[in-house]
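Build me a model from this:
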Amino acid sequence: MNVYLAKFMTYFEIHRMHREGLSVRHISSYLVLNRRTVIKYLNMSEQEYESFLIQQADRKKILLPYEDFVRERLEKFQDTSAAQMHDWLKEHFDDLPAVSQKTVFNFVCWVRDKHQIPVTSTEREYQMVDELPYGKQAQVDFGEYNMRSPSGTRAKVFFFTMILSRSRFKYVWFTDRYFTSELAIIAHEKAFEYIEGVPDEIVYDQDKVFIVSENGGDIILTAAFRAFTREQSFSLHFCRKSDPESKGKVENLVKYIKQNFLYNRTYHNIETLNSEAMSWLGRTANSLPHAVTRKMPYVEHIIERSFLQPYRAHTFKPVVFSTYAVRKDNTISYKGNFYSLPIGTFKGKQTQVCVRTEDSRLIISSTEGNQEICSHTIAAGRGQKVLKTDHNRDKSIAVHEMITQVAALFPDQQKALEWLEIVKSEKPRYVRDQLIVIKSSIVDLDAQTLGQVLEYCLENHISRASDFKSIIGMQKKEKRADPKIIPLNPLNGKVPQNALIQPDKSSIDDYQNLLKQENQ
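I've put the predicted structure just below:
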């Protein structure tokens with residue numbers, strides 16, 4: 001279509017939508033135009049808009065002196081991009097004016113249109129292939145999609161999908177976590193159970209979920225996925241990188257799931273979404289005739305499942321871990337809540353832990369997943385801080401060493417050891433917590449006051465760290481309320497002889513006599 005005509009059609013469409021009562025915002029969104037452009041066109045008559053287009057066409061081109069160079073290059077290399085042409089111009093012409101990439105792009109388009117130099121691109125040749133035998137192949141892919149919750153917030157979901165190449169029988173499973181090898185294995189098992197068997201071959205992308213390294217063509221699988229494939233005994237076919245056409249059936253299925261099932265659907269929770277997906281598969285995805293085969297996938301699957309290998313449940317159930325970064329304050333953020341970790345877990349910006357869920361518990365382990373660090377009850381809602389007092393303890397030293405270190409902070413270490421042993425005997429399970437409170441309470445406390453508090457605790461059989469802290473607080477409060485007054489006496493109590501001299505005093509009569517004399 002002529003560019004001039006296309007622009008006039010846009011102009012008339014803007015005015016038509018405006019006459020129908022649509023807002024400028026709606027028009028700009030629908031036509032993908034800036035709202036200021038829409039307003040400008042609405043304020044123009046047809047004659048004004050035509051003059052505007054003529055003026056635009058006749059506008060002086062700053063790159064016109066370089067037309068011959070651009071034309072020669074485009075005739076020789078027709079697939080040259082505007083960005084590459086911009087670089088060539090800067091390379092060959094030192095006097096090239098400073099222009100934007102958009103200016104170069106428009107000029108290259110103008111030169112192509114003027115000299116009839118079309119853009120050429122190498123198209124990949126495609127050829128329809130024969131239908132594969134029943135049970136021969138399935139294709140697998142992953143996808144992700146941003147949904148909206150009832151409250152209007154965004155919820156990101158991830159999905160695994162499988163399609164049988166012959167029958168086009170489909171399966172999809174959703175999760176709210178990024179896929180790992182273990183989670184992908186669970187998805188495979190659910191798919192095999194749904195399609196009632198295992199195909200001879202499955203086609204994949206070179207995804208990091210499955211592959212550790214390409215190794216020059218010798219694919220190295222993750223340990224968990226390698227064990228799973230050996231047990232199920234299906235062969236693997238990995239497409240080359242940047243070659244999605246090799247598994248076009250599942251690529252189309254991913255688009256179908258997004259545009260037909262997920263589009264404008266409200267997200268409540270992952271269980272509800274999977275239940276809705278199963279209903280969609282039954283009533284739509286596997287029930288409507290396929291566009292190519294003109295057959296219902298459900299009917300074709302009845303034939304194909306007898307050709308599939310029998311499905312055997314995976315003997316080793318993988319534990320599903322997700323990796324989370326550890327924050328500076330030795331916590332992790334999980335679904336909007338914060339969970340504490342033992343002090344010292346954070347060892348730099350790259351510190352991570354593995355997280356999994358068991359019923360209502362959150363299990364936090366080392367990155368290898370083989371050493372549990374701690375566990376928490378999963379909090380409801382968002383913005384909660386789930387903390388454990390035990391995580392503030394310094395467990396790097398033994399209890400008796402910790403007692404010795406705290407006793408060394410007192411002026412009388414022997415009496416301090418005696419009292420701390422009493423504290424230990426009273427609270428054997430919480431002795432570390434007690435010592436931490438005592439240690440934090442005596443910071444910046446003078447030795448005399450500390451000794452007095454210790455004596456008071458021994459005499460009154462006080463053996464709780466909280467009581468010890470309260471007594472210290474009272475002592476500090478009394479000191480602030482009754483400050484010591486120190487009199488200043490720079491003469492050191494000695495009065496000099498000059499200080500005893502009395503000054504002369506004038507009589508008021510003298511001043512009255514002087515005033516009378518001035519008045520006379």
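
Any idea how many residues pack against Gln78?
The tally of other residues near Gln78 (other C-beta atoms under 10 Å) stands at 13. Placement of C-beta: from N, CA and C, glycine included.

Do you know the pLDDT at it?
Looking at Gln78, its pLDDT stands at 85.

Let me see the contact set for it.
Ile117, Pro118, Val119, Thr120 (C-beta atoms under 8 Å, 6 or more residues apart in numbering).

Kindly report the same for Ile117.
Applying C-beta under 8 Å, 6+ apart to Ile117 gives the contacts Arg71, Leu74, Glu75, Gln78, Val111.

Show me the domain layout of the protein.
1-59, 66-120, 137-307, 322-392, 399-481 (automatic domain parsing).

Just the buried residues of the contacts of Ile117.
Among those, those classed as buried by 16 or more other C-beta atoms under 10 Å are Arg71, Leu74, Val111.

and which of these is nearest to Leu341?
Closest approach to Leu341 among the buried ones among the contacts of Ile117 (C-beta to C-beta): Leu74, at 61.4 Å.

secondary structure class for the closest one?
Here Leu74 is recorded as helix under DSSP: H, G, I helix; E, B strand; the rest coil.

which element is the spatially closest residue to it that is not a sequence neighbour on?
Excluding the flanking residues, the one nearest Leu74 by C-beta to C-beta, 6 or more residues apart in numbering is Ile117, at 4.6 Å. Secondary structure from DSSP states H and E places Ile117 outside every helix and strand.

do Phe105 as well
Element membership for Phe105, per DSSP H and E: helix 101-115.

can you list the buried ones among the contacts of Ile117 in JSON lines and add pLDDT and distance to Ser375?
Shown next, in JSON lines, are the buried ones among the contacts of Ile117 (pLDDT from 0 to 100; distance: C-beta to C-beta, whole Å):
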{"residue": "Arg71", "pLDDT": "91", "distance to Ser375": "71"}
{"residue": "Leu74", "pLDDT": "90", "distance to Ser375": "66"}
{"residue": "Val111", "pLDDT": "89", "distance to Ser375": "68"}
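
Now for the protein, the helix or strand with the poorest mean pLDDT.
Ranking every helix and strand in the chain by mean pLDDT, DSSP states H and E puts strand 211-213 at the bottom, with a mean of 60.

Kindly check the end-to-end length of stretch 16-27 for me.
Start and end residues of stretch 16-27 are separated by 10 Å (C-alpha to C-alpha, to the nearest Å).

Averaged pLDDT, it. What do you get?
Stretch 16-27 shows a mean pLDDT of 90.

What of stretch 306-324?
On average, stretch 306-324 scores 74.

And it, end to end?
End-to-end distance of stretch 306-324 (C-alpha to C-alpha): 43 Å.

what does stretch 165-180 give?
End to end - C-alpha to C-alpha - stretch 165-180 spans 25 Å.

next one: it to chain centre, how far?
Distance of stretch 165-180 from its chain centroid, counting by C-alpha atoms, centre = their mean, to the nearest Å, is 24 Å.

Kindly report the same for stretch 357-375.
Distance, stretch centre to chain centre, for stretch 357-375: 21 Å (C-alpha atoms, centre = their mean).

Can you give me the buried ones in that stretch?
Neighbour-count burial for stretch 357-375, counted by 16+ other C-beta under 10 Å, picks out Leu362, Ile363, Ile364, Ser365, Gly369, Ile373, Cys374.

so which helix or strand takes in the third one?
Just to be clear, that refers to Ile364. Counting by DSSP H and E, Ile364 is part of strand 361-365.

List the pairing partners of that strand within its sheet, with orientation.
Using DSSP bridges, strand 361-365 pairs in its sheet with strand 352-358 (antiparallel), strand 372-377 (antiparallel).

in stretch 41-54, what's buried?
Residues of stretch 41-54 classed as buried by neighbour count (16+ other C-beta under 10 Å): Tyr41, Tyr49.

still on that earlier bit, any idea which of the buried ones among the contacts of Ile117 is closest to Ile422?
Among those, and counting by C-beta to C-beta, the member closest to Ile422 is Leu74, at 92.9 Å.

about what we covered before: of all the strands paired with strand 361-365, which lies closest to Lys388?
It's strand 372-377; of the strands paired with strand 361-365, that one is closest to Lys388 (C-beta to C-beta) at 7.0 Å.

ok, then the element right after the closest one?
Going down the chain from strand 372-377, the next helix or strand is strand 385-386, by DSSP H and E.

Skip ahead from that following strand and say which helix or strand is next.
With elements assigned by DSSP H and E, the helix or strand that comes after strand 385-386 is helix 399-407.

what is the rounded mean pLDDT of that following helix?
Mean pLDDT, helix 399-407: 85.

Can you pull out the low-pLDDT segments for the stretch 1-150 of the chain?
Along the stretch 1-150 of the chain, the model assigns pLDDT under 70 to residues 1-4, 57-59, 121-128.

Would you map the strands across it?
In the stretch 1-150 of the chain, the strands defined using DSSP state E, counting those that start in this stretch lie at 137-148.

Contacts only, for the nearest residue to Thr404 once chain neighbours are set aside.
Spatially, and ignoring its direct neighbours in sequence, Thr404 is nearest to Leu417 (7.6 Å; C-beta to C-beta, 6+ apart). Taking C-beta under 8 Å, 6+ apart, we find Leu417 in contact with Ile403, Thr404, Ala407.
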